[in-house]
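Trainee: sequence? don't have it. structure:
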């Protein structure tokens, strides 16, 4: 089960339930070699690891380990009481040229060793595979996923293959969306990361993301360098995994969020993690090969987990876009991919962007002008009336001088907006926020205006409160009288269950499984909840219309005012 707790665009903080375990996403499934554990399980727990992944093929191919794991199970053998995800060996088929693995045998073995998340043996599609080859591999993959769905109790994954062919990726999403797996891993993407083909990687991930149910977590198979976490989370990935922290250590590599450093070239540690704080470069270089590897493994894991936490905090603060721009400077191909993604897919992301955010929009480079929230604001602000020529925003209606994101932004040439009459401000805000024409019924108004700031506080009509202008973002928060004047312009959500309606009447929030939304609702948008064609409550949407239809758990609307 999966529910959204917070979000920023396609990035989301989620609660992912696996059996009796609850995992906060985005997260990374830390790869544990079943034959060689360098980091003790108790240290991983202390560091904040919530999910580990190991390879069922590696366990199965060795007769001795197969016996041990078959007898004691994964959790006891690995000394891990949290959830364990098992891979099937598909990547080994690609990287080690191993012949085809028997799907049923590997699935049944994962069941036998009590895996919490089981992966079928999907067929790895190479970037160079032409469409006919990719189509055949996809057909076999879908066949194997259907096989695993019959052999397990729902705790399986459905890897999305299709290679570089986006139409095949869409086809895979369409067919596998009906199967209802626990996770949708996006497979066959490691070669794109190895060759820094981040633009193609982003195309593949977004094609999958926008064609899969939002109610199921997306796993970027093999993504483990901290440099790419923010970008992939921005594209909607919820789970990452990789042995990068360990493999890099084995070759003497020191990971940072800006790339990889050859540890032999270090003069001092550019990090204050517990491993680096308790040692010096001189001590590190004089230690044995095993000690060096252990040190680097622990450091690399700390850096990996710290970046996951940084990404989650950026989502909570609605600053993920800025974090991606900062991280994109780590490699020219990453920066190029982010810019290409915004230009090509920015408008596709708009329906999932919050209509207003808790943090001001910060200019973090030339890509900022293409970010979805900026493009959206420019489109919606194309309204009649006097305009102010802003150095960054272009021609902005004077009435939006106090509204998000124009007033709540830090951009080059951040000139203050000229004064605008309160009546014009209100009309402009209503048309910008709810749609052109939304202000037509707002006549004969009494506006309460702050003498200090000149901003509207409350809006009345013949003494009746129609709504307020929220100080944090300069948007209109309607009362029931105000929503009545807005009419068709305020988006509506229908409740059909009488008992649910009763809960909402006492101020409880509306959950997704009971919500029947109209089209076009966006997160943070003011909406009207109705029951039997009568107003029931006003509130703030937490999900988009599409997400409300797909989720069975989680809050759809935070009720603000009940009728």
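Mentor: Cool, got the structure. Just so we're clear, the structure is a prediction, and the values are computed from it rather than from any experiment.

Trainee: quick one: low-confidence ranges for this structure?
Mentor: 94-95, 97, 99-100, 563 (pLDDT under 70).

Trainee: Tell me which residues of the lengthiest helix in it come out buried.
Mentor: Secondary structure of the chain per DSSP state H: the longest helix is helix 289-316. Within helix 289-316, the residues scored as buried using 16 or more other CB atoms under 10 Å are 292-308, 311-312, 314-316. For glycine as for every other residue, the C-beta is placed from the backbone atoms N, C-alpha and C.

Trainee: Over to stretch 173-185?
Mentor: Residues 173, 175-177, 181-185 are the ones in stretch 173-185 that count as buried (16+ other CB under 10 Å).

Trainee: nearest to residue 537, of the residues you listed?
Mentor: residue 177 (32.0 Å; CB to CB).

Trainee: Excluding chain neighbours, what is closest to the closest one?
Mentor: residue 213 (5.6 Å; CB to CB, 6 or more residues apart in numbering).

Trainee: any idea how far that neighbour lies from residue 550?
Mentor: 5 Å (CB to CB, to the nearest Å).

Trainee: Now do the helices in the stretch 251-400 of the chain.
Mentor: 274-277, 281-285, 289-316, 320-327, 332-349, 372-380 (DSSP state H, counting those that start in this stretch).

Trainee: thinking again about what came up before, angle of the longest helix of the chain against helix 320-327?
Mentor: 140 degrees (axes from the mean of the first three to the mean of the last three CA atoms, to 10 degrees).

Trainee: What is the neighbour count of the residue nearest to residue 177?
Mentor: Look at residue 213: counted by other CB atoms under 10 Å, it has 18 neighbours.

Trainee: what's the answer for residue 348, then?
Mentor: With other CB under 10 Å as criterion, residue 348 counts 14.

Trainee: Which residue ranges make up each domain of the protein?
Mentor: The chain is divided into the following domains under automatic domain parsing: 2-243, 349-420, 426-483, 490-562.

Trainee: With distance to residue 273 added, can I get those in a markdown table?
Mentor: Formatted as a markdown table, the domains of the chain follow (distance: least, CB to CB, whole Å):
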| stretch | distance to residue 273 |
| --- | --- |
| domain 2-243 | 9 |
| domain 349-420 | 26 |
| domain 426-483 | 36 |
| domain 490-562 | 34 |
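
Trainee: so which of these is the most packed in?
Mentor: Each of the domains of the chain was scored by mean neighbour count; the highest is domain 2-243, a mean of 20, by mean count of other CB atoms under 10 Å.

Trainee: Return the distance of residue 316 relative to residue 219.
Mentor: Distance from residue 316 to residue 219, by CB to CB: 22 Å.

Trainee: again with residue 10
Mentor: 15 Å.

Trainee: before we move on, what about residue 145?
Mentor: From residue 145 to residue 219 the distance is 14 Å (CB to CB).

Trainee: repeat for residue 91
Mentor: On the measure of CB to CB, residue 91 and residue 219 end up 13 Å apart.

Trainee: Nearest to residue 41, out of the helices of the stretch 251-400 of the chain?
Mentor: Using CB to CB, the nearest of the helices of the stretch 251-400 of the chain to residue 41 is helix 289-316, at 12.4 Å.

Trainee: all helices in the stretch 401-550 of the chain, in order from the N-terminus.
Mentor: Using DSSP H, counting those that start in this stretch, helices in the stretch 401-550 of the chain cover 422-434, 480-486, 498-505, 545-550.

Trainee: okay, those helices in TSV with distance to residue 249 next?
Mentor: Conversion of the helices of the stretch 401-550 of the chain to TSV gives the following (distance: least, CB to CB, whole Å):
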stretch	distance to residue 249
helix 422-434	52
helix 480-486	59
helix 498-505	53
helix 545-550	40
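
Trainee: Those: which one's closest to residue 204?
Mentor: With respect to residue 204, and counting by CB to CB, the nearest of the helices of the stretch 401-550 of the chain is helix 545-550 at 20.8 Å.

Trainee: Now tell me what touches the closest one from outside.
Mentor: Helix 545-550 has contacts (CB atoms under 8 Å, 6 or more residues apart in numbering) with 4, 213-215, 351-352, 493, 512, 515, 517-521, 556.

Trainee: for the helix or strand following that helix, packing partners?
Mentor: With elements assigned by DSSP states H and E, the helix or strand that comes after helix 545-550 is strand 555-562. Here strand 555-562 is seen to pack against helix 498-505, strand 510-511, strand 526-531, strand 534-541 when contacts are counted using 3 or more CB pairs under 8 Å, 6 or more residues apart in numbering; DSSP states H and E.

Trainee: Of all the ones you listed, which one is nearest residue 141?
Mentor: Residue 141 lies closest, by CB to CB, to one member of those: strand 510-511, at 34.7 Å.

Trainee: Identify the neighbouring strands of that closest one in the sheet and state each direction.
Mentor: According to DSSP bridges, strand 510-511 has the following sheet partners: strand 555-562 (antiparallel).

Trainee: could you give the angle of the partner strand to strand 534-541?
Mentor: On the basis of the same axes, to 10 degrees, strand 555-562 is oriented at 120 degrees to strand 534-541.

Trainee: tilt between strand 555-562 and strand 526-531?
Mentor: Using the same axes, to 10 degrees: strand 555-562 against strand 526-531 is 90 degrees.
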